[in-house]
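> Give me a model of this one.
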Amino acid sequence: LVYVSSDAAIKAQFVIFLVIGVAFITLFCSNYTPSDTELMLQAPSPSGFWYAFAIFFPAATGIETAVAMSGDLKNPKRSLSIGTLAIVIVAYATYMAIAYFLANNIPRSTLANDPLIVLKFARIKTFVLLGVWAAALSSAIGSMMAAPRMMQAIAQDGVFPKFLAKGAGPLNEPKIASAVTFAFAMVAVYFGSLNAIAPFMTMFTLIAYGMVNVGAGIESFLSNPSWRPSVAVPAMIPLAGTVLCAVAMLMFDPGVAMLSLAVVFC
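Below you'll find the predicted structure:
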């Protein structure tokens, strides 16, 4: 779908959004009565905050999709600032609402032992199953739209081979970059377990976020005349964000952090 047309992929996202909305309504209208066995079960010992952080953090990377699509926006300067802040607020509220709702309706031991408990809990299981599928499809479409455009832009700057910069059609669709991105994605899919891949995704994303903060912090600190963001913040805020990214990487796994940095450096 993305390879044929980004416009078609964006229109498909509206349908996906409606499916996810119905899934949320179905979930929040459900009730669950735990069995005596479930109430007696002990929840497994927690793996720790940073392990959970590393697995969950890639769920926040969808925020980057719109930023990577900035070349297709009519008014990027206005849309990016308002849209990015709106995405952060809505995503946070959604994640917290789900966590709070499940924590208050299902025993902790059941949540820890049964990864499909939401399906059993939902009033109309089919809608929730469609919602999970739609959310995964939405993330895949978003990533497949964003990553090739970033690759194409970097190739236009001469960092990547020039053939990746070639586009097609009036919108300069990055067909070659999309095919390369698809190949990379299939390598990741081959490993099968999201929990095994997620920590590495987290490291690379934290590096990306950290470098964006470094750039913004230095530009603000030096008061570069060409640096004119529509939402100006003090230089200390992005620089603090850089430090927090580094701390999160080291707290999760210093070894994987150093390996990830080495890969990026190469």
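> For residue 152, give me its contacts.
Listed by C-beta atoms under 8 Å, 6 or more residues apart in numbering, the contact set of residue 152 reads 164-165, 167, 172, 174, 177. C-beta: built from backbone N, CA, C; applies to glycine.
> What helices and strands are in contact with the helix or strand where residue 183 lies?
Using DSSP states H and E, residue 183 sits in helix 175-191. Other helices and strands packing on helix 175-191, by 3 or more C-beta pairs under 8 Å, 6 or more residues apart in numbering; DSSP states H and E, are helix 125-156.
> 10 Å - rerun?
If you count contacts as 3 or more C-beta pairs under 10 Å, 6 or more residues apart in numbering; DSSP states H and E, helix 175-191 packs onto helix 125-156, helix 194-222.
> tell me the most buried of the ones you listed?
Highest mean neighbour count of those: helix 125-156, a mean of 18 (counted as mean count of other C-beta atoms under 10 Å).
> give me the low-pLDDT residue ranges for this structure?
For the chain, applying pLDDT under 70 flags the ranges 36-46, 61-62, 66, 69, 71, 192, 195.
> coming back round to it: any of the contacts of residue 152 buried? List them.
164-165, 167, 174, 177 (16 or more other C-beta atoms under 10 Å).
> closest to residue 151 among these?
Set against residue 151, the nearest of the buried ones among the contacts of residue 152 by C-beta to C-beta is residue 177 (4.2 Å).
> ok now do the closest one, which residues does it touch?
Counting by C-beta atoms under 10 Å, 6 or more residues apart in numbering, residue 177 makes contact with 147-155, 160, 163-167.
> what's the nearest residue to it if we skip its chain neighbours?
Sequence neighbours aside, residue 148 is the residue nearest to residue 177 in space, at 3.7 Å (criterion: C-beta to C-beta, 6 or more residues apart in numbering).
> shouldn't the one you found be in contact with residue 65?
No. The criterion here is C-beta atoms under 10 Å, and residue 148 misses it with residue 65 at 11.8 Å.
> ok, residue 30 - contacts?
The contact partners of residue 30, taken as C-beta under 10 Å, 6+ apart, are 101, 105, 118, 120-125, 128.
> Can you flag the buried ones in the residues you listed?
Neighbour counting with 16+ other C-beta under 10 Å marks 105, 118, 121-122, 128 as buried within those.
> Relative to residue 251, which of those is nearest.
Closest approach to residue 251 among these (C-beta to C-beta): residue 118, at 29.1 Å.
> A helix includes that closest one, no?
Yes. According to DSSP: H, G, I helix; E, B strand; the rest coil, residue 118 belongs to a helix.
> quick one: contacts for it?
Applying C-beta under 10 Å, 6+ apart, the residues contacting residue 118 are 23, 27, 30, 32, 98, 102, 106, 111, 125, 128-129, 131-132.
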